[in-house]
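Peer 1: Give me a model of this one.
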Amino acid sequence: MHSRNFKAGSSRPTRSRAPFQGGQKNSFNNGGGRKKRFTGNYIDISRFINKAVPQVAEEKYVPDTIFADFKVEQSIKNNIALRKFEHPTPIQDKTIPHILAGKDLIGLANTGTGKTGAFLIPMLDKIIKNPSEKLLVVVPTRELAIQIQEEFRAFAAGLRIGSVVVVGGANIRTQIECLRSRYNVVIGTPGRLKDLIQRKNLHLNSFANVVLDEADRMLDMGFMPDVRYLLSLVAPKRQTLFFSATLAPEIEKLIQEFLNDPIKISIKTRETSSNIDQDVVRVKPGEDKIEVLQELLRKANFSKVLIFSRTKHGAEKLSIILGKNGFKAQSIHGDKSHAKRQKALKLFKENYVEILVATDVAARGLDIPNVSHVINFDVPATYDDYVHRIGRTGRAGKTGTALTFV
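Peer 2: Residues are numbered from 1 along each chain as shown. Alright, predicted model coming up:
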């Protein structure tokens, strides 16, 4: 690892393990003035330090099946083969047979484990076998909604099965027009779905299949009342699937209320991926935090970097400063329009920019290939947020690095 103010490869902090209050200070303040205080959960600094485990030491998961074994339509198998997928991930291996059998299901798995394919493949099979079936997928962020639609289109290529994405921040009139076309799948965020229902442009009583993806994130973002409202409107006889990294009491209450004798599958193995090098960057009193960051970013191995800022203003300001100092950087946060967020994400995914500065809106569900480093410029409010942030690196069997400024 290459950073400053910490011992490279260290597995222990270089000072006492006093509890650190996540988010104790506001983003950055180079212009003087008073710093706004943020109160988060206490997180022990030592939890940000962990040496990656060599991949050879990991026990390789052996799936019970290959995709060709699943009892799904051949056209779906052909599209899976075109994507060069042969073996399902653990969550896919364990959940797809139950979903195909029509069971309600709770799938617990860390981010980046293939949850999207786990529900799209069997649901697509159900639609092919009964073209009147409709699927509602509820997600916390617009980026995740668009990513799921892209996955759906890949699995459903050539099958003429329509999908519509309805998310906040995008033109609602365009979405209304799309809902007037023929479709089997609606993927959306809770607020926009509720808006379209109340405008009478979307009627959920014909939907007998519901997926809640990243349910824990929807709870964190305050969407549970809207989610409860949406679930109350879908067909009484339905198949309901919940996918989440954690099960909070409020989510368990929702499960008891809306799911029928669900199968529970848990694939969670450890809090953070074993192939992510985690360490801290200590900023000394009087040091310029942005200068420290730029020193890091100038190192050759920092090839594709995702930087997390706590606030929307902080993310925007940091990306502008980095851009002025010669770095190819973009930002993504809630104050940006839908189109600008998608453009920034596309530029980062396709390597036109090397740095993406984001708020926690980008921490969950997004599959961004080959992120070499995740940098927590601001300490996350909770350790759960930390886990999801750093899950953007070290994916697909590669080793990644996560650094947290303290």
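
Peer 1: switch to C-alpha atoms for all contacts and neighbour counts from now on
Peer 2: OK.

Peer 1: So which residues of the stretch 1-150 of the chain form strands?
Peer 2: 19-21, 42-44, 105-108, 135-138 (DSSP state E, counting those that start in this stretch).

Peer 1: Out of those strands, which is closest to residue 314?
Peer 2: strand 19-21 (19.1 Å; CA to CA).

Peer 1: Quick check: mean pLDDT of that closest one?
Peer 2: Strand 19-21 shows a mean pLDDT of 39.

Peer 1: ok, residue 113 - contacts?
Peer 2: 89, 90, 91 (CA atoms under 8 Å, 6 or more residues apart in numbering).

Peer 1: Now do the last one against residue 265, distance only.
Peer 2: To tie it back to what came earlier, the one meant is residue 91. 8 Å (CA to CA, to the nearest Å).

Peer 1: what do the two both touch?
Peer 2: residue 107.

Peer 1: more neighbours, those two?
Peer 2: residue 91 (24 against 16; other CA atoms under 10 Å).

Peer 1: Could the C-alpha coordinates of stretch 133-150 be exported in CSV?
Peer 2: This file holds the C-alpha atoms of stretch 133-150, laid out as CSV (Å, rounded to 0.1, in the frame of the first residue of the first chain):
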residue,chain,number,x,y,z
GLU,A,133,-46.9,-11.7,-15.4
LYS,A,134,-45.6,-8.4,-14.2
LEU,A,135,-42.6,-7.7,-12.0
LEU,A,136,-42.0,-4.6,-9.7
VAL,A,137,-38.4,-4.0,-8.5
VAL,A,138,-38.1,-1.4,-5.8
VAL,A,139,-34.6,0.0,-5.2
PRO,A,140,-33.1,2.9,-3.1
THR,A,141,-31.3,4.8,-5.8
ARG,A,142,-31.7,5.7,-9.5
GLU,A,143,-28.2,4.5,-10.3
LEU,A,144,-29.1,1.0,-9.1
ALA,A,145,-32.4,1.1,-10.9
ILE,A,146,-30.6,1.8,-14.2
GLN,A,147,-28.0,-0.8,-13.6
ILE,A,148,-30.8,-3.4,-12.9
GLN,A,149,-32.5,-2.5,-16.2
GLU,A,150,-29.2,-3.0,-18.1
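
Peer 1: What are the buried residues along that stretch?
Peer 2: If you call a residue buried by 16 or more other CA atoms under 10 Å, then stretch 133-150 has these buried ones: 133-146, 148-149.

Peer 1: again, but for stretch 223-241
Peer 2: 223, 224, 226, 227, 230, 231, 234, 238, 239, 240, 241.

Peer 1: Then stretch 296-305?
Peer 2: So, applying 16+ other CA under 10 Å, buried residues of stretch 296-305: 296, 297, 302, 303, 304, 305.

Peer 1: what's the farthest-apart pair in these?
Peer 2: Within the buried residues of stretch 296-305 (distances taken as CA to CA), the two that end up farthest apart are 296 and 304, at 12.3 Å.

Peer 1: Much appreciated, bye for now.
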